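[1] sequence and predicted model, in that order:
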Amino acid sequence: MSDKTVFTPTRTLSSNDSLLLALFVAAIIHVAFVLGTNFTVPQTEKINKAIDITLVNIPTPKAPPKANFLAQDNQVGAGDAVQKKAEPPAQQLPSIGAGEELPVKKTVPKPSKPQTKPVAAPKVITQAKSEKKVAVAHKQAEDPKPEVKELDDRPHLTAEALQQKIAQYVTEIRQRPPSAEESRIKFVNSVSAHKYLAAQYMQDWESKVERTGNLNYPEVAAKMNFSGTLTMDVGIKADGSIYSIRISRSSGNPALDEAAKKIVRMSAPFPALPLDLRKELDVLVMSRVWRFSDQSGFVAH
């Protein structure tokens, strides 16, 4: 026998084997594709946030030698240079491609608030003894005293009520009985029991005064076209001396009024009052009108 290699053909693949082989090859291809592809995750942009830092000054135990401002605690200045507030870094804006437009954000305007002018703080002047004054002011502010309004007790009278009051007082005075002294001083027309004696005495007194006045005519009344009138009340005592001289109605010329009084004084003394008249009164008052004229001279009536 000769040595011959016998080759036996391989058996054909079945349908199941072909499917498994295809799945295996596909899996290998997918794995190679996945491993060969790099996926990069887009990084988010970093936003820089601004941080505000406030520096607080710690009170110092020692007061500064010279204070520029009033404060609750003692503080020493850190320097004269003005420090600016740190500004936050500008945010990086995303790049804009050609043809792209930025979205416009609509802003609603806020209602404007009324601006109020700052009120200047009142200046405080410190003194050595200001603590007591401030304490007193605070005490008065804490314990305010009730305000007491002064009431006007005076009655408010109208013009009509005032006239009624005056008429009432006049009536009371007239109805009031005269005192002993007043009852002994009477005008000529008030004499009752001896009226004729009083009238005769007044006529004699009037003649004497006119005669003295014309003999001593006042220079103030001697002017051309001069005319003046006055009313005078003269009181005569029981012995004939002058008790009183009163101008009840002035002539408007003080010099003429004084001249008339001087005529009365020059005419004194007068005769004593009649005895029967003295029983009724002590002073007889005669009221007469005196007229001075450049034509008729001096006349009393």
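    Great, that's in hand.
[2] so where do the strands sit in the stretch 151-300 of the chain?
    185-187, 227-237, 242-249, 283-293, 297-300 (DSSP state E, counting those that start in this stretch).
[3] possible to save those strands as CSV with mean pLDDT?
    Formatted as CSV, the strands of the stretch 151-300 of the chain follow (pLDDT from 0 to 100):
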stretch, mean pLDDT
strand 185-187, 87
strand 227-237, 91
strand 242-249, 92
strand 283-293, 90
strand 297-300, 82
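[4] just tell me which of the ones you listed ends up closest to Tyr217.
    strand 297-300 (6.4 Å; CB to CB). The C-beta positions use only the backbone N, C-alpha and C, and glycine is treated the same way.
[5] now the closest one: buried residues?
    298-300 (16 or more other CB atoms under 10 Å).
[6] tell me the one among those residues nearest to Arg246.
    Nearest to Arg246 out of the buried residues of strand 297-300 is Ala300 (CB to CB; 15.2 Å).
[7] hmm, that closest one is touching Phe292, no?
    No: with contact defined as CB atoms under 8 Å, Ala300 does not reach Phe292; the gap is 10.2 Å.
[8] for the strands of the stretch 151-300 of the chain, which one sits closest to Pro218?
    It is, among those and with distance given as CB to CB, strand 283-293, at 7.0 Å.
[9] what helices or strands is that closest one leaning on?
    strand 185-187, helix 195-215, strand 227-237, strand 242-249, strand 297-300 (3 or more CB pairs under 8 Å, 6 or more residues apart in numbering; DSSP states H and E).
[10] 6 Å - rerun?
    strand 227-237, strand 297-300 (3 or more CB pairs under 6 Å, 6 or more residues apart in numbering; DSSP states H and E).
[11] buried stuff in the first one?
    Within strand 227-237, the residues that qualify as buried by neighbour count (16+ other CB under 10 Å) are 228, 230, 232, 234-237.
[12] which one of those residues is nearest Tyr201?
    For the buried residues of strand 227-237, the nearest to Tyr201 is Ile236 (8.1 Å; CB to CB).
[13] tell me who's in contact with that closest one.
    Listed by CB atoms under 6 Å, 6 or more residues apart in numbering, the contact partners of Ile236 are 270, 284.
[14] does it have beta-bridge partners, and which?
    Assessed by DSSP bridges, Ile236 has beta-bridge partners Ile242, Leu284.
[15] could you do Gly297 as well?
    With DSSP bridges as the rule, Gly297 is bridged to Ser293.
[16] quick one: it from Asp17, how far?
    184 Å (CB to CB, to the nearest Å).
[17] re earlier: right, and the helices and strands packed on strand 283-293 - which one's nearest Asn216?
    Among the helices and strands packed on strand 283-293, if distance is taken as CB to CB, the winner is strand 297-300, at 9.3 Å.
[18] packing partners of that closest one?
    Counting by 3+ CB pairs under 6 Å, 6+ apart, strand 297-300 packs on helix 195-215, strand 283-293.
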